[in-house]
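Chemist: Could you work out the structure for the sequence below:
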Amino acid sequence: MGAVVRLALLQGRRDRGVLAAWTVGIAGLGYAAATAVTTEFAGDTERAALMGVAAASPAFLFLRGLPDGISSGAVTFFQGYSFTAVLAGLMSTFLVVRHTRADEDQGRAELVGAAPVNRTASLGATLMLGGGANAVLALVVAAGFAGAGLPVTGSLLAGAAVGAVGLFFTATAALVAQAMPSARSANGVAAALVGAAYLLRGAGDALGTADSPLHVVAAWPSLFSPIGWGQRIRPFTDADPRPLLVLASAALVLAATAVLLRNRRDLGASYIPANESGAARARPGLASFFGLAWRLQRGTVAGWCLTAAVLGVVAGGLGPVVRDALAGNPSVAELISRVVPGEASMVDLFTTAMLGLAGIMAAAAGIQAVLRLRAEEAEGRAELLLAAPASRVRWLGGSLAIAAISTTAIAAAAGASAALVLALVQAGGSNPGTVFAGALAHVPAALVFPALTALVFAIRPRWTSAVGWGALAVALVLGQFGELLGLPTWLQDLSPFRHSSAMPVEAFNRDGALVMAAVVLLAAAAAARLVKERDMSV
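Modeler: A predicted model of the protein is given here:
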């Protein structure tokens, strides 16, 4: 046990900066949301109007969560819980994979295993660190809510809800790390499970039934989502801590299973073996850096496209639900028309929101494609590639091309599936061509993030991951919560997503797309120039 504690302290020391950034960022978002609600929606009338619209709109339910009263705490939990829970899940999965499968890939786990410690000691230390990190996160989130003036008891339960979701995904990632053959695949599967939890929670909420004008009961899909279970705590109304026991018990079972599996496999092995078969000679396409990048990342691109297609199917499948929700409810329809002026139908509003999520996924996939360069360099493979008479610019350009292809393909997959399903169910709204174009309209803004990540890689390679993912997180906060937080317009405009065309609700923003395209080209050109001038780094 002493060895496990010491290993956990060592891992915590390695991650102190990253975990501090995650914790402060998530808690800061919660505090900002609570402050915005207490200032922008100070009166019961304003909060009741907001929650009334949300309760009657499957689009709001899918994206935000379940309305549960009109107190400041209830509105804050509705506005911010799902987003902070997703961030807690991602923080936990990245932490676990970094100290388990990634350490095995890079040989650090073998050094630890050479010491007189149990083969599960490193995994046990990681689980201990993940549990401690989420406990601290829960307390800091609670402190942020309480500091914004929300009730202390409700704040503690709300923080516990976020921490419990993070704890669940800590154990989930530990199990995934035993199954997958590499850190990249483990991170992809674990992050996909976080996204699936969000989608299941969203589908369950959108299909829920209202038992009062200001409260909605989730449908059965929410039961399969840990984020949905955390939502059932209802911290600021009829508080029920029992879902915390469900999440903690599930995490304990998953963690025990992960430890058992780790004890039965060899170091570096996996329960899902890597595909190591191949021809004796490489195909001609692998002679180029683009061909190599495509061969290494085609599975990841396919996984992202499949997820985006599922998102599009959900968007199209919920179209009739969105349409029928406002049928015979002219008062809510009138209120929504005040919030979103114009002639847009509710189906178009929902479709636009879902296509915006697909744009975020496309940006994340582009970042991940560029981060492959950093992994190749840190693990020594890039040095072997570039020892031949090969151009660094082409090496960088190959991954940037894959990033552009994956970004476009993901947006197209979401748009095509949404357009097809909407046409099949005859939900109304815009024609399929406009829906498909609305998905592609997010591509210029999404491409900014891999271009920025490549620029950071060329300047400060060790900052690549932190800046790439951090830029996406900041852009999301500015784009999704900027107006709610009352931030200056110029600050909100720093988010590339602010310049995306919200089609089919809005017309295509050609100027915004051109500006984003120019930023992408300039950043890519600067990265190509700078990567030639720096030394290789680990």
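Chemist: Which parts of the stretch 101-250 of the chain are strands?
Modeler: Taking DSSP state E, counting those that start in this stretch as the criterion, the stretch 101-250 of the chain carries its strands at 209-212, 215-217.
Chemist: Name the residues of the last one that are buried.
Modeler: Judged by neighbour count (16 or more other CB atoms under 10 Å), strand 215-217 contains these buried residues: 215-216. In this view, the C-beta of every residue, glycine as well, is placed from N, C-alpha and C.
Chemist: quick one: average confidence on that strand?
Modeler: Averaged across strand 215-217, the pLDDT comes to 81.
Chemist: re the thing from before, okay, the strands of the stretch 101-250 of the chain in CSV with distance to L29 next?
Modeler: Compiled in CSV, those are given as follows (distance: least, CB to CB, whole Å):
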stretch, distance to L29
strand 209-212, 28
strand 215-217, 24
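Chemist: Quick check: mean pLDDT of stretch 78-98?
Modeler: Mean pLDDT, taken over the full extent of stretch 78-98, equals 91.
Chemist: okay, it in CSV with CA atoms only?
Modeler: The C-alpha atoms that make up stretch 78-98 are tabulated as CSV, following Å, rounded to 0.1, in the frame of the first residue of the first chain:
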residue,chain,number,x,y,z
PHE,A,78,-29.6,23.5,-15.7
GLN,A,79,-27.3,25.8,-17.6
GLY,A,80,-23.9,24.4,-16.6
TYR,A,81,-24.0,20.9,-15.2
SER,A,82,-23.9,18.8,-18.4
PHE,A,83,-21.0,20.8,-19.8
THR,A,84,-18.9,20.7,-16.6
ALA,A,85,-19.7,16.9,-16.2
VAL,A,86,-18.3,16.3,-19.7
LEU,A,87,-15.1,18.3,-18.9
ALA,A,88,-14.7,16.3,-15.6
GLY,A,89,-15.1,13.0,-17.6
LEU,A,90,-12.4,14.1,-20.2
MET,A,91,-10.1,15.3,-17.4
SER,A,92,-10.4,11.9,-15.8
THR,A,93,-10.0,9.8,-18.9
PHE,A,94,-6.9,11.7,-20.1
LEU,A,95,-5.3,11.4,-16.7
VAL,A,96,-5.8,7.6,-16.4
VAL,A,97,-4.6,6.8,-20.0
ARG,A,98,-1.6,9.1,-19.5
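Chemist: E383 falls within a strand, correct?
Modeler: No: looking at E383 with DSSP: H, G, I helix; E, B strand; the rest coil, it is helix, so not inside a strand.
Chemist: Quick check: chain neighbours aside, which residue is closest to it?
Modeler: Setting aside the residues directly before and after it, E383 is nearest to M536 in space (CB to CB, 6 or more residues apart in numbering), at 5.5 Å.
Chemist: Mind checking what secondary structure that neighbour has?
Modeler: coil.
Chemist: Quick check: pLDDT value at it.
Modeler: pLDDT recorded at M536 is 75.
Chemist: Check the spacing between it and A387 real quick.
Modeler: When CB to CB, to the nearest Å is the yardstick, M536 and A387 sit 10 Å from each other.
Chemist: So for these two, which sits in the more crowded spot?
Modeler: M536 (12 against 8; other CB atoms under 10 Å).
Chemist: so the more buried one touches E377, yeah?
Modeler: Yes: in this structure, M536 is within contact of E377 by CB atoms under 8 Å, at 6.2 Å.
Chemist: Find the residues that touch each one of these two.
Modeler: E383 (CB atoms under 8 Å, 6 or more residues apart in numbering).
Chemist: Can you say which of the strands of the stretch 101-250 of the chain is nearest to V505?
Modeler: Smallest distance to V505 across the strands of the stretch 101-250 of the chain (CB to CB): 24.0 Å, for strand 215-217.
Chemist: now what about the closest one, what contacts it?
Modeler: Here strand 215-217 has contacts from 55, 61, 66-69, 205, 208-211, using CB under 8 Å, 6+ apart.
Chemist: the helices in the stretch 351-500 of the chain, which residues?
Modeler: When secondary structure is read from DSSP state H, counting those that start in this stretch, the stretch 351-500 of the chain shows helices at 381-386, 392-425, 432-440, 443-459, 464-481, 489-492.
Chemist: Same check on the stretch 101-250 of the chain?
Modeler: In the stretch 101-250 of the chain, helices defined by DSSP H, counting those that start in this stretch lie at 101-105, 108-113, 121-147, 152-179, 183-206, 226-231, 242-263, listed in chain order.
Chemist: With G512 as the reference, name the closest of those helices.
Modeler: The stretch from the helices of the stretch 101-250 of the chain with the least distance to G512 (CB to CB) is helix 183-206; that distance is 26.7 Å.
Chemist: That closest one to helix 152-179, inter-axis angle?
Modeler: Orientation of helix 183-206 against helix 152-179 (axes from the mean of the first three to the mean of the last three CA atoms, to 10 degrees) gives an angle of 140 degrees.
Chemist: can you tell me which residues contact R372?
Modeler: R372 sits next to 184, 293, 296-297, 399 when contact means CB under 8 Å, 6+ apart.
Chemist: Number of residues surrounding the nearest residue to A192 once chain neighbours are set aside?
Modeler: The spatial neighbour of A192 that comes closest, neighbours along the chain excluded (CB to CB, 6+ apart), is T307 at 6.2 Å. Neighbouring residues of T307 were enumerated by other CB under 10 Å; the total is 22.
Chemist: host element of T307?
Modeler: If you go by DSSP states H and E, T307 is part of helix 289-317.
Chemist: which secondary structure elements does the helix or strand hosting A3 contact?
Modeler: Here A3 is covered by helix 2-14, with elements defined by DSSP H and E. Helix 2-14 is packed against helix 121-147, with contacts defined by 3 or more CB pairs under 8 Å, 6 or more residues apart in numbering; DSSP states H and E.
Chemist: And the helix it packs on, what's buried?
Modeler: For helix 121-147, a neighbour-count test (16+ other CB under 10 Å) marks 121-131, 133-134, 137-146 as buried.
Chemist: Give me the mean pLDDT for stretch 53-62.
Modeler: With pLDDT averaged residue by residue, stretch 53-62 scores 76.
Chemist: Please give me every residue in contact with the closest residue to W463 other than its chain neighbours.
Modeler: The shortest distance from W463 to any residue that is not its chain neighbour, by CB to CB, 6+ apart, is 5.5 Å, and that residue is V456. Contacts for V456 (CB under 8 Å, 6+ apart) come out as 463-464, 467-468.
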